[in-house]
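Trainee: Fold the following and give me the result.
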Amino acid sequence: MEPIQFADFMKVDIRVGTIVQVDDYPEARKPAYKLLIDFGPHLGMKRSSAQITHHYRKEDLVGRQVIAVVNFPPKQIGKFMSEVLTLGLPDEKEFVVLIHPSAPVPNGSRLF
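Mentor: Modelled structure (predicted):
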């Protein structure tokens, strides 16, 4: 990959939020959940579609903090409008493992 400047990195707004609601998304092409994530008083609640059904049950996700890109334009995912990109890494079989802080931090905190 081509090197970028720190100013380029700062254009990507990556924040922490807490999952407050998880719904099945049976219409998705690949198994996914619809997430409602609380990013604190400044950003509020945002929706995200996430293909994380392999490693996570709905009831285990509520209350979990996740990391997301919050300044991409909303993206239509089937019939669902995803407002943020919830970040994860692929395991050895390419299933998504969520990225999260190792200790609780305030919702809306920005990655730097």
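
Trainee: list the contacts for residue 52?
Mentor: 32-33, 61, 86, 88, 96, 98 (CB atoms under 8 Å, 6 or more residues apart in numbering). Every residue, glycine included, has its C-beta placed from N, CA and C.

Trainee: how near is the residue positioned nearest the centre of the chain to residue 37?
Mentor: For the chain, residue 86 is the residue whose C-alpha lies nearest the centre (CA atoms, centre = their mean; 1.6 Å). Spatial separation of residue 86 from residue 37 under the definition CB to CB, to the nearest Å is 7 Å.

Trainee: And residue 93, by the same measure?
Mentor: In this view, residue 93 and residue 37 are 25 Å apart by CB to CB.

Trainee: Repeat that for residue 60.
Mentor: Look at residue 60 and residue 37: by CB to CB, they are 15 Å apart.

Trainee: Neighbour count: these two, which is higher?
Mentor: Shown here are residue 60 and residue 37; by other CB atoms under 10 Å, residue 37 has more neighbours (28 against 11).

Trainee: What is the helix or strand encompassing the more buried one packed up against?
Mentor: Element membership for residue 37, per DSSP states H and E: strand 33-38. Counting contacts by 3 or more CB pairs under 8 Å, 6 or more residues apart in numbering; DSSP states H and E, strand 33-38 is packed against strand 14-24, strand 45-50, helix 58-61, strand 65-69.

Trainee: Quick check: mean pLDDT of that strand?
Mentor: Strand 33-38 comes out with an average pLDDT of 98.

Trainee: Parallel or antiparallel, list what pairs with that strand.
Mentor: Here strand 33-38 is paired, per DSSP bridges, with strand 14-24 (antiparallel), strand 45-50 (antiparallel).
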